[in-house]
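[1] Build me a structure from this.
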Amino acid sequence: MEQIISESLINAVMAKEAFVRESRKALIDLACQMVISIRQGGKIMIFGNGGSAADAQHMAAEFVNRFLINRRPMAAIALTTDSSTITSIANDFSFDEIFSKQIQALGRPEDLALGISTSGGSSNVIKGIAAAKGIGMRTAALTGGMTGDGGELGRLADLTLNVPTVKTQHIQEVHLWAEHLLCELVEGEIFGEK
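    From the prediction side, this is the model:
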């Protein structure tokens, strides 16, 4: 057990360091795009499956409520929370359409879509980003894997932040860290220093 703990810590730190080396500029660019969307009266639409769905909800809550600063709410929505909408789309059409149909219904050109997929290959997230691009929304992806391009999702999105490891747990840990960084950067830019 001691060895597992030590190896996990080393791998987690290495994943964060590799992510920052490869995605520092994209992280700043995404924060700036989020600021632009919010200042234009748009919203951040966040979505993914499983742990990434939980991340979407967590991140939306930080934008709507607060992160580090007591301030007015910022518009964000997780497309993973409405079980009636999700199950009706999955039942009547396909699970692959659960995000794209919500984006078609709720998305506007001033919005930003953030798709989260540890593999970069989740077909419903890919279709969601494609729908957002069709509306003229800004698009971004949080992905993982050693290919460097974030898979099909990463190649499709305007901005891709890829965690260069194959270890899913470390991809997810870095995603959460990046999501917190984005909240801090956006909040600080719009509302000033904490």
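[2] what packs against the longest strand along the chain?
    As assigned by DSSP state E, the longest strand anywhere in the chain is strand 138-144. Applying 3 or more CB pairs under 8 Å, 6 or more residues apart in numbering; DSSP states H and E, we find strand 138-144 packed against helix 2-39, strand 112-116, helix 123-135, helix 151-156, strand 159-163, helix 168-191. C-beta: built from backbone N, CA, C; applies to glycine.
[3] got the angle for the first one vs strand 112-116?
    Taking axes from the mean of the first three to the mean of the last three CA atoms, to 10 degrees, one finds helix 2-39 and strand 112-116 inclined to each other by 170 degrees.
[4] now helix 2-39: mean pLDDT?
    For helix 2-39, mean pLDDT is 94.
[5] Mind listing what's buried along that helix?
    Buried residues in helix 2-39, defined by neighbour count with 16 or more other CB atoms under 10 Å: 12, 15-16, 18-19, 22-23, 26-27, 30-31, 33-35, 37-38.
[6] That one vs strand 159-163, what angle?
    170 degrees.
[7] shaky segments in this protein?
    148, 193-194 (pLDDT under 70).
[8] run the last query once more with 80
    146-149, 193-194 (pLDDT under 80).
[9] On the three-state scheme, residue 105 is what?
    helix (DSSP: H, G, I helix; E, B strand; the rest coil).
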